[in-house]
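[1] Next one to model:
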Amino acid sequence: MADRLRSTWIEDLPSHLILEILSSGRLSAVDLACLDLTSRTFRGSHGLFPHKFQSLVDFAAFQLCGSHPIYAPLGPNARNELFNRCSGNWKRVLRFLQSVEQSSDMVETSAGNMQIRTGRYHTLLIKDSSVYSCGSSLCGVLGRGPETTQCVAFTMVNFPSRARVIQLSASHNHAAFVMQSGEDLSPIPEDEEP
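    Below is the predicted model of the structure:
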């Protein structure tokens, strides 16, 4: 009976099991960073991963990024750029991806899932990779050129290519769009359509 009640320290667990726990997806990037800072158990390579990774936590963050729905479809150049923008730190890449995912405002409707963003006087939404906008615009945020200052119904925004929009952002006087390729694009004003 006493053996059943014996406490087990995380240090007593096999390294491959610790890696499985870390990469299960149940921990946030902040949790992983705290573990990395507080316990030497997570710092060594334990022979489980290539030496380019600094720790078990770093390798787990890399694995979580690889399977993340925003990161997985990105091309190699976009992945490298994101990694470099995060100072070569996989925990930071994961934190960025988790922040984007948490702020995506995906709404499930009878017409399907839509991502919705609102600025001060305008609203943007993504439905089936197409972007729609409505509201007032003093700075061209509706994607229809600077001469269009009002749009009372949702109207599709035209882009320079058929690239798939996966994220959007809106605030006081801005609108930004991230394509599946990882690039950010501005819409083509109506008067410049091909």
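[2] got the buried residues for the longest helix anywhere in the chain?
    For the chain, the helix that runs over the most residues, judged by DSSP state H, is helix 90-102. Residues of helix 90-102 classed as buried: 90-98, 100 (neighbour count, 16 or more other CB atoms under 10 Å). (Glycine included, C-beta is placed from N, CA and C.)
[3] and it, C-alpha only, in CSV?
    The C-alpha coordinates for helix 90-102 follow below in CSV (Å, rounded to 0.1, in the frame of the first residue of the first chain):
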residue,chain,number,x,y,z
TRP,A,90,10.5,28.3,-30.9
LYS,A,91,8.7,29.2,-27.6
ARG,A,92,8.2,32.8,-29.0
VAL,A,93,6.9,31.4,-32.4
LEU,A,94,4.5,29.2,-30.5
ARG,A,95,3.3,32.1,-28.3
PHE,A,96,2.8,34.2,-31.5
LEU,A,97,0.8,31.4,-33.1
GLN,A,98,-1.3,30.8,-30.0
SER,A,99,-2.0,34.6,-29.7
VAL,A,100,-3.1,34.8,-33.3
GLU,A,101,-5.3,31.7,-32.8
GLN,A,102,-6.9,33.1,-29.6
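[4] could we number from 189 for the rest of this?
    Done: numbering now begins at 189, and the last item shifts to helix 278-290.
[5] average pLDDT for it?
    Mean per-residue pLDDT for helix 278-290: 83.
[6] Mind putting the buried residues of helix 278-290 into CSV with distance to Ile354?
    Below are the buried residues of helix 278-290 laid out as CSV (distance: CB to CB, whole Å):
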residue, distance to Ile354
Trp278, 21
Lys279, 22
Arg280, 20
Val281, 16
Leu282, 17
Arg283, 18
Phe284, 14
Leu285, 12
Gln286, 15
Val288, 9
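[7] Centre-most residue in the chain?
    Leu285 (3.0 Å; CA atoms, centre = their mean).
[8] what's the spacing between that one and Arg267?
    In this structure, Leu285 and Arg267 are 11 Å apart, going by CB to CB, to the nearest Å.
[9] Spit out the residues that contact the two alike.
    Counting by CB atoms under 8 Å, 6 or more residues apart in numbering, the shared contacts of Leu285 and Arg267 are Tyr259.
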